[in-house]
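1. Could you look at this predicted model? Sequence included:
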Amino acid sequence: MTHVLDRLHEDHEKVSGLIAKLKSSGDSAEKTRKDLCEKIKDELQAHTEFEEEVFYPAVRKQSKSAEQQVTQAIEEHDEVERILLQIEELEPTSAEFIGLVEELEESIEAHVRREEDEIFPMAKKALNDEESERMGQRHDSMVAEHMRAAHP
């Protein structure tokens, strides 16, 4: 069964692993760091697009609390995007680069905690198994489409 919450959790784990690789790369690993940043950006953009277009609208209508949680999560997406743009401006071998990567990691970890601890339980109440299955499939197709467009 392609449960949407499983897919979103897998996305979280994938990005966390990419950030860990990036942080453990050597200071002289310019190409590796650029490549990992690009992968992180692609994964986050695909994930965010799905959440904001498909997942959040289904959850937000559940309650006033869900509306507030989703609004905060979207603000967190904006913060992550801001940090990613700053990272792209820096030399991958600079000390500032890793500092911003750590800031990115902290921002993503806080967002993941909000989603998995607050929003996911609301989604379980808001979505039946069939809806969740359909959303999981939509997630997979949107992510695949995003990746094809990003790397033709």
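-> Thanks, I have it. Numbering: from 1, shown residues only.
2. CA atoms for contacts and neighbours, from now on please.
-> OK.
3. surely L84 meets E103?
-> No - in this structure, L84 is not within contact of E103 by C-alpha atoms under 8 Å, at 9.9 Å.
4. Where is the longest helix in this protein?
-> Longest helix in the chain by number of residues (criterion: DSSP state H): helix 64-89.
5. and it, which residues are buried?
-> 66-67, 69-70, 73-74, 76-77, 80-81, 83-84, 87 (16 or more other C-alpha atoms under 10 Å).
6. now stretch 26-36
-> Going by neighbour count (16+ other C-alpha under 10 Å), the buried part of stretch 26-36 is 33-34, 36.
7. Pretty sure L36 sits against L22.
-> Yes - under the criterion of C-alpha under 8 Å, L36 makes contact with L22 at 6.2 Å.
8. Spatially nearest residue to the one residue sitting closest to the centre of the chain (excluding sequence neighbours)?
-> The chain has L44 as the residue nearest its centroid, 4.0 Å off, counting by C-alpha atoms, centre = their mean. Counting by C-alpha to C-alpha, 6 or more residues apart in numbering, V15 is the residue found nearest to L44 once chain neighbours are left out, at 7.4 Å.
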